Structures are given as structure tokens and as C-alpha cells.
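Asker: my questions are about this predicted structure, shown below with the sequence.
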Amino acid sequence: MSSGEQSHPMAGVTAITNARIFDGEKVISTRHIIIQEGTIIAVGGEIPAHAAVIDADNATLMPGLIDAHVHTSIGGLRDALKFGVTTELEMNGGFTEKGREIQLQNLGGIADVRSAGMAVTAPGGHPDELLPDDGEIPDFVLKELEKLTEKDRNAMLEAFAHDHDEAPQVTTIEEAVKHVHTQVENGADYIKIMIEEGTVMGVPGLPVLSEDILKAAVKEAHKLNKIVLAHVLTADSSQSAIRIGVDGLAHLFIDRPESTSEVVAAIKDSGAFVTPCLVLNASIIGNPASELAGDPRVNSKLSQEWIDILNSSFNTYPQGSLDNSFKSVMELHKAGVDILVGTDVSPVPLHNLGGLAHGASVHHEMQLLVQAGFTPVEALQSATSKPARRFGLQDRGRIAEGLRADLVLVDGDPTTSISDSLSIQAVWLKGEGQQID
């Protein structure tokens, strides 16, 4: 990328020119945009005479990417931004509006984040089986903390304490309703419920709340104008989630009954979206993301700890088949169900939760969607305009006048070769250029 001549640049106005533009839906004929004070003020049209000009040199300009399923940290938000992921959507954790006010004040170089707060789950239910038993901060977290500034370290400690406090007990309808209200009062942007009995996770017999209790939580969230997502990893739990009225499934079922037509029809008829997290399914059946880890466009941006994580896997359901997940996601896609890109990456590098890394796995997910049968444009839509629309983020996910200038510039053409999405030249967050090396 090279800068054009700049003589007395117009205050705060920048034109990105000579770009192939994917606007979140399609490639458009316009070759330039104009941004000012964090906002796209024009797509095409006349370039102001004294604007600062950035010549994109025939690279591809896209909206900032959105990861629609993470568990994150300050370090995770930093890594995400390096890969052009300008928004992460947390599905269980402390980055609600109140959490953001406490932990992220005046921090730069991090992706934007939204959160469900703490999910509705049974005592001892998922994700308790993944967390330390004694509440102590594990060595891997302490190691990460040593790399941070004092301010970032204190914020991460506060986040860890929030995430690992004893979860509110939900055993009745009344407690479920109260829990939803507590999350909304804390500034949760949406609500998450857990329907996980543990078979796919290698821990069968996890407690799960009854449908009556979960339905009450969904109903209360809807009264409070919040959408609800369900953690589900089997066809049965997916159907249960649809019966109680959720707005989205936070996973794609890994098991595959002889006929999935009933499951697909139920999801389609409900209007729910699906965030399949194919990268997670691949890891659960024992596939590490070693090819991704070996890509210099990836490993040049990640710590050795995260590279090691990419080279490992969950491996809790080795009898599973990635081809089955591909078939299932394509059946849903062809039925007209909105498919969103998400990864389910952990907040810090956990060796029992391998195959995933912040930012990088969004690109891997798009590659897997294309491998399943999506066109590259459809995969890009699933990481930009579709999650923005389904989560009500009306200010992002597209390149259009009046929207946030969250942008990614990449070499090549990811609308025809999805791997090019990793060839990142530049990232802007609200119009500010970011350090990506």
C-alpha cells in the first residue's frame, strides 16, 4: 500500500482509492471510499481536493470482520485486531457494558467487543468441567499476565475473577428470570443459555436445566428486548433449543442422525441463525489446525503459546466426521438459514482447548465454509453483514455511508480465493490505522 500525494490534507478526511471493494454483501463497481472522524462519509463520488489519499493499489477493501462466538480477554482482543477482526462477540464472560467500562477504558489496539455476560446454566453444568476446580489462577494465565502492562494486567485479573466467580445458582424458573435480569442490568448485549449434557465434550452426564426453566429465561430475555443464543452440540439439544424459542444456535450439532431433515426444517421454520464453529467441530473430532499454524501470515502475528494451541485439538469426540458437519451446514445454508462465522476460542491459550486462536480462526472458519460448499462471497458475508444484522449491530459489517470505518485491506481477491483474506495489508478501527505486525 502506498500513500498518494498529500498537500495540505483536509482535516481528518482520508480517501482510500484504487481498491476492489467488497461491501459486506457483494463486490461493487466503486473503487474508493472517504472516511472522516471514524465514519465512512462517502462511497464513491468526488474526492475532496485536500483529503489525505491512500492508494490501495488494486488490493481488496472489506468491512472489519466479526467473530460471532468467542470467550475473550484483552490479549485476545489485541490478537483479533491484528487479523482484521474488529468486533468479537463474547458468549460467556465479563465484557458486558459494565465490564467494558471497568476493563477497557482508554485501551487502544483492541477489537470492539459485545457480551452475553454469564450464561444460564445448571449448577455444575457446562462450562464448569473446563474450569479450574480450586479457583486458583492457573500457570498459563500467570504467564500471559507477565507480558502485559500493569494496567492491562490488573484489567485481566479483574476479568478472570469475574469469569471464575461461583456462577449464580439457577435451579428454578424464578432464579432463571432473576439471572436474566442481572445480566441485563450489567449491560449484557444478548443472553446465552447452555444445553450441554457432555457426550460430545467427553464428560457425559453434565446437569442440564429443564426446558421449562430455560423457556422462562428465553421469554424473559425477549421481554427485555434481548436475543437469546443456545449452546448446543447435538441434534437433540438443537431441537430442544428451537422448541423453547431461541434466536440463534451457538454451534452446529456434531452428531448426525440418519435423517437431519427434521432438524433443518425446525431451525429454518423458527427463523433462528446458526453459528456453526466448524473450527471447533474439527478440533473436537481430533483435527489440529496445523496448516493454519504453519502459515507465515498467521504465525508471524501470534505468540508461540497460541501457535502451540493451534497445533493441538480437543479430541473429545474422535468418532465424529467433519464431512458430516459440512453436509449439515450446507443443508442449513441451502434451506435459507443464516450462517454466521464464529470460533469459540478461549480467552487465553488452554492446552485442552486446542485448534483455535483469536483472529486467525475466523479466517480458518471461512476456509472451512468454502470447503463445505459456500462461495467465497457467502463466507465473507457470514463474517461481516450477516452477524452485524442478526446481532443488531447496525453501525458495522458493511461498507456504506454513515457506518463505522472498521475496515480491512488485503492483497489479492478473497471474493474468489478465500485464503487471500489472510494477506492483510492494513486494518482501520473507527478510521484509525492499527498496528498489525
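Answerer: Now that the structure is in, tell me what you want to look at. It should be emphasised that the depicted structure is a prediction, and the values quoted were computed from it without experimental measurement. Numbers count the residues shown, from 1 in each chain.
Asker: how close does residue 402 get to residue 374?
Answerer: Separation of residue 402 from residue 374 (Cβ to Cβ, to the nearest Å): 29 Å. The C-beta positions use only the backbone N, C-alpha and C, and glycine is treated the same way.
Asker: neighbour count winner among these two?
Answerer: Ranked by neighbour count (other Cβ atoms under 10 Å), residue 402 and residue 374 place residue 374 first, with 22 against 11.
Asker: surely the more buried one is in contact with residue 386?
Answerer: No: applying Cβ atoms under 8 Å as the test, residue 374 and residue 386 come out as separate, 11.6 Å apart.
Asker: overlap in contacts of these two?
Answerer: Both residue 374 and residue 386 are in contact with residue 339, where contact means Cβ atoms under 8 Å, 6 or more residues apart in numbering.
Asker: how does this structure divide into domains?
Answerer: 11-63+397-436, 65-135+167-395 (the TED database).
Asker: tell me which of those sits most buried.
Answerer: By mean neighbour count, with neighbours taken as mean count of other Cβ atoms under 10 Å, domain 65-135+167-395 ranks first of these at a mean of 21.
Asker: end-to-end on it?
Answerer: Across domain 65-135+167-395, the terminal residues are separated by 13 Å (Cα to Cα, to the nearest Å).
Asker: could you shift the numbering so residue one becomes 27, and keep it that way?
Answerer: With 27 as the first residue, the last one maps to domain 91-161+193-421.
Asker: just how off-centre is that domain within its chain?
Answerer: Centre-to-centre, domain 91-161+193-421 and its host chain are 7 Å apart (Cα atoms, centre = their mean, to the nearest Å).
Asker: next up, the contacts around residue 425.
Answerer: Residues in contact with residue 425, defined by Cβ under 8 Å, 6+ apart, are 47-50, 54, 59, 66, 69, 87-89, 433.
Asker: nearest to residue 315, of those residues?
Answerer: Ranked by distance to residue 315 (Cβ to Cβ), these are led by residue 88 at 22.3 Å.
Asker: state the phi and psi torsions of that closest one.
Answerer: phi -130, psi 160 (degrees, to the nearest 10).
Asker: roughly how far apart are it and residue 223?
Answerer: Residue 88 sits 39 Å away from residue 223, taking Cβ to Cβ as the criterion.
Asker: one more: residue 139?
Answerer: 29 Å.
Asker: cool, residue 442 as well?
Answerer: Distance from residue 442 to residue 223, counting by Cβ to Cβ: 42 Å.
Asker: nearest spatial neighbour of residue 63, skipping sequence neighbours?
Answerer: Counting by Cβ to Cβ, 6 or more residues apart in numbering, residue 38 is the residue found nearest to residue 63 once chain neighbours are left out, at 5.4 Å.
Asker: pretty sure that neighbour is in contact with residue 60, am I right?
Answerer: No: the criterion here is Cβ under 8 Å, and residue 38 misses it with residue 60 at 10.9 Å.
Asker: circling back: so which of the contacts of residue 425 belong to strands?
Answerer: The strands, defined by DSSP state E, take in 47-48, 54, 59, 66, 69, 87-89, 433 from the contacts of residue 425.
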